[in-house]
Every structure is written in C-alpha cells, then in structure tokens.
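Peer 1: I'd like to go over a predicted model; first the sequence, then the structure.
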Amino acid sequence: MTPTGVTPAMPQMKTSADLRVHNQTRLLRAVHDADQPLTRASAARVLGIGRNTIAALVGELETAGLLHEVPAATTGRGRPTTLLLPHPRGPVAFAADIREDSWTLAQIELGGRLTGLETGEHDRTPAVFDDIRRATRRHATDRLVSLGIALAGPILDGRRLHISHLGWDEVDLYEQIGDDWPPTVVVDNDARLAGLAEARRGALRGAGTALHFHIDFDIGGTLLLGGHTQRGAHNIAGEFGHMPLTGGSGLRCMCGVQGCWSLDVGTNALLRRFGREPGYGAGRQLGREILARAEAGEAEAGRAVDDNAVALGRGLGALANALDPEAITLSGLGVELIRLRRDLIEHACAEGLMEFRRAQPPRILAGTVGEAGPLRGAAETAFDAVLSAGWLRGRI
C-alpha cells in the first residue's frame with residue numbers, strides 16, 4: 001500500500017533520456033487533464049515545445065501503447081489534424097469509494113473517463129476490504145496498474161483508519177491490504193478526495209485558496225491551496241466536522257468530542273430530528289425522503305432541513321474567518337442543501353463573518369463533480385501512478 005500525501009521530488013534530469021521521459025510524462029498529464037482531446041498543435045502550445053519534438057513524443061508513446069492518434073473530424077479546408085486519445089490497450093486504474101453502508105468500484109483511463117464496474121452493500125465492518133479485493137480481481141486485466149480507495153474517516157499517518165460512527169477504531173490498513181492486491185494501492189479520506197476532484201475536474205479549477213466539504217451522514221472537508229489538498233502533520237487535517245463550530249446540539253459525538261459541527265449537519269442530524277438514533281451507516285434512504293418531503297412543502301421536514309442549512313452556513317462563516325477562502329464548494333448532500341436552501345446558508349454564513357468581511361463573502365458553490373466526488377478523487381490519485389516518470393521508465 002502506498003502512503004497518502006507523499007509529494008514527489010522534482011525530477012533530476014541528468015541525461016537526454018531523462019529529459020525525454022520528463023516530456024513524455026508532461027504530455028500524458030496534459031492529455032489526461034484536458035477538457036477536450038488535444039491535437040499535436042494544442043499539446044505543443046500547452047507544453048511550450050516545438051512541433052518536431054511533440055511529433056517524436058507522440059510516436060514514442062503510441063509505440064509504447066499509451067497514446068493513440070486518430071483523425072479528427074474534418075471541418076472544411078486546411079490540413080487534416082489528429083486527436084490524442086488513450087490507447088485501446090493502455091493502462092487503467094481502479095477506484096473504490098467505501099461509504100458507511102455501501103461501496104462502488106470504477107475504472108479510469110487516460111483522459112479521465114470514469115466507468116462504473118460494480119456496486120454493493122456491506123456489513124459495516126472492515127470485511128468490506130475483502131469485498132473490494134474480490135471485486136477488483138473479478139474486473140482486473142493486465143491493463144490494471146493501480147487502485148485508489150476513498151474512505152469515510154481520517155487515516156492516521158496513512159495507516160490507521162478511524163470511522164467513529166461505524167465504531168472503527170485503529171483499523172490497520174496494512175493488515176487489510178496485502179500482497180494479493182494491485183501493485184499500487186492509494187488510500188485517502190473521502191472529503192479530501194472530493195475536494196481534489198473539484199480542483200482537477202470541477203468548480204475549483206484554478207482556485208488559489210478554497211474549501212471543499214463533502215456531506216453524507218456527517219460533514220468532512222479539506223483546505224486546498226493552489227489545487228493541492230492540505231494534510232497536516234499526521235495526514236488527518238480537515239476534520240472540520242469535529243470542531244464545535246455551532247455548539248447548538250450540546251450532544252457528545254461518537255468521536256468523543258461534545259458539540260461537534262457534524263452533529264448538526266448531514267443525514268444523521270436529519271434522522272435525529274425524526275426520532276431515529278443515527279450511526280453505523282443506517283438511514284440513508286430516510287434522509288433522502290426527508291429532503292424530498294421538505295421540497296414538497298411538509299412543514300416538519302422543512303424545519304429539519306432549515307436547521308441543517310443554518311448550521312452549515314454558521315460553520316462555513318466561522319471557517320471563512322479563519323482560512324479566508326475565495327470559494328467554498330459542497331458535494332454529496334451539500335448539493336441538495338444548496339439547491340433547496342441557498343438563501344438560508346448564505347445568510348447564516350454572512351452572519352458568522354466578521355463585519356468587515358461581509359461585503360465580500362466567499363462564494364458558496366455546488367460542486368460540479370456531484371456525489372461521485374470521492375470516487376473521482378480516488379480515481380485521479382490512482383491514475384497519478386501512471387503519470388509519473390518512474391512508472392513510464394519501466395513501460396517504455
């Protein structure tokens with residue numbers, strides 16, 4: 001298993017071969033990150049290199065089974081052009097998103113196309129890792145390079161997983177992920193991965209300082225600086241849901257802290273309003289029903305959603321005072337909350353801002369990656385293994 005949060009060192013290019021591999025890696029990254037398929041000419045502009053160099057790189061990568069050049073649709077007169085696409089026999093990565101009650105497995109290829117492979121429910125115990133291992137083996141081919149896994153809890157030092165509302169404490173990922181898994185396995189927190197997905201593919205592209213929050217049964221988040229998620233000294237930064245930002249409930253969280261923000265925001269808070277004891281990944285369907293009933297005008301459900309939205313806005317205001325983001329994005333249940341109660345969220349956020357900040361509050365946006373944010377983020381981190389000079393040297 002590969003530890004999360006390791007930043008590769010800058011490449012030391014000592015030979016012409018090093019420079020060639022460096023440029024091949026840059027070209028693959030450009031093709032992967034582009035919104036639309038690149039041509040040779042557009043790739044050359046992005047990389048700042050000449051046409052002869054780009055032609056040589058494309059040829060080398062096609063021979064290696066990494067890129068495939070196909071004719072573009074003709075648009076009239078002029079020289080015919082080609083598009084740079086993933087090779088049909090090129091490498092792929094898998095991604096798994098483990099929710100508190102279910103899991104999803106998907107595949108990503110060069111260019112970012114994400115294809116669902118399998119979904120399932122699980123028994124709320126770490127046995128779910130065996131489910132993922134078996135599903136991976138069912139779908140794996142010799143094209144598979146790596147696997148990324150999104151997990152709904154902090155991972156201390158990249159190894160010990162804590163999911164308090166499932167009762168998971170100190171689950172050793174080194175024991176769960178062994179030699180019979182793909183050669184590279186990258187694990188990370190779901191909210192952090194959702195934020196990464198928005199920075200690479202969604203509403204936070206190009207943002208300098210931003211916050212992202214993924215809301216499911218509770219709320220988790222990440223601070224992004226220049227598109228990079230911040231991890232902290234022990235890889236567990238971003239547990240904003242376990243800060244007493246609202247203090248309204250006065251309850252003790254399953255994490256051990258009293259008055260956590262997550263007690264007031266998310267599906268568990270909705271369930272509690274309707275007399276259900278939350279926890280252990282139960283009640284997702286009822287949470288969705290409460291949202292639907294609120295949208296239909298039912299008063300009690302509407303008040304529950306109102307309270308959720310106000311608590312969300314208050315917490316965002318407090319964090320904006322501390323971290324000064326230019327934008328805040330929401331995913332998961334947050335997309336529905338901002339759709340149904342944008343005014344309440346923005347008003348509560350503004351009330352929580354220091355007075356001199358209120359004229360320019362941070363933008364609060366629905367994430368455009370959607371509920372698949374953690375899965376997309378896991379896929380992107382898994383495919384990063386392909387977009388590295390070390391892997392490329394072994395392939396070419």
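Peer 2: Everything's here; your move. Residues are numbered from 1 along each chain as shown.
Peer 1: can you pull up the bridge partners for Val187?
Peer 2: Going by DSSP bridges, Val187 is paired in beta bridges with Ile149.
Peer 1: and it, what does it touch?
Peer 2: Applying CB atoms under 8 Å, 6 or more residues apart in numbering, we find Val187 in contact with Met1, Thr4, Gly148, Ile149, Leu151, Ile155, Gly158, Leu161, Leu173, Ile177. To be clear about C-beta, it is placed using only N, CA and C from the backbone, and glycine gets the same treatment.
Peer 1: cool, Arg205 as well?
Peer 2: Listed by CB under 8 Å, 6+ apart, the contact set of Arg205 reads Glu198, Ala199, Gly227.
Peer 1: Count the neighbours of the second one for me.
Peer 2: Pointing back at Ala199 there. 26 (other CB atoms under 10 Å).
Peer 1: on that earlier part again, in TSV: the contacts of Val187, plus neighbour count and distance to Ala350.
Peer 2: Putting these into TSV (neighbours: other CB atoms under 10 Å; distance: CB to CB, whole Å) gives the following:
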residue	neighbour count	distance to Ala350
Met1	17	44
Thr4	21	35
Gly148	32	37
Ile149	31	38
Leu151	26	34
Ile155	25	34
Gly158	21	38
Leu161	24	37
Leu173	19	41
Ile177	19	45
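Peer 1: In strands, which of those fall?
Peer 2: When these are checked against strands (DSSP state E), the matches are Gly148, Ile149, Leu151, Ile155, Leu161.
Peer 1: For those, which two are the farthest from each other?
Peer 2: Taking CB to CB as the measure, the ones in strands among the contacts of Val187 reach their widest spread between Gly148 and Leu161, a distance of 14.9 Å.
Peer 1: ok, for Pro182, nearest residue in space, not its chain neighbours?
Peer 2: Setting aside the residues directly before and after it, Pro182 is nearest to Leu147 in space (CB to CB, 6 or more residues apart in numbering), at 4.6 Å.
Peer 1: in the one helix or strand Asp307 maps to, what counts as buried?
Peer 2: For Asp307, the enclosing helix or strand under DSSP states H and E is helix 299-323. Applying a neighbour-count criterion of 16 or more other CB atoms under 10 Å, the buried positions in helix 299-323 are 301-302, 304-305, 307-320, 323.
Peer 1: which residues of this protein fall in helices?
Peer 2: Taking DSSP state H as the criterion, the chain contains helices spanning 16-33, 40-47, 51-63, 128-139, 173-176, 190-201, 267-273, 284-295, 299-323, 333-352, 373-383, 389-395.
Peer 1: quick one: the longest one to helix 333-352, angle?
Peer 2: An angle of 60 degrees separates the directions of helix 299-323 and helix 333-352 when computed by axes from the mean of the first three to the mean of the last three CA atoms, to 10 degrees.
Peer 1: which other helices and strands contact helix 299-323?
Peer 2: Counting by 3 or more CB pairs under 8 Å, 6 or more residues apart in numbering; DSSP states H and E, the packing neighbours recorded for helix 299-323 are strand 209-215, strand 219-225, helix 267-273, helix 284-295, helix 333-352.
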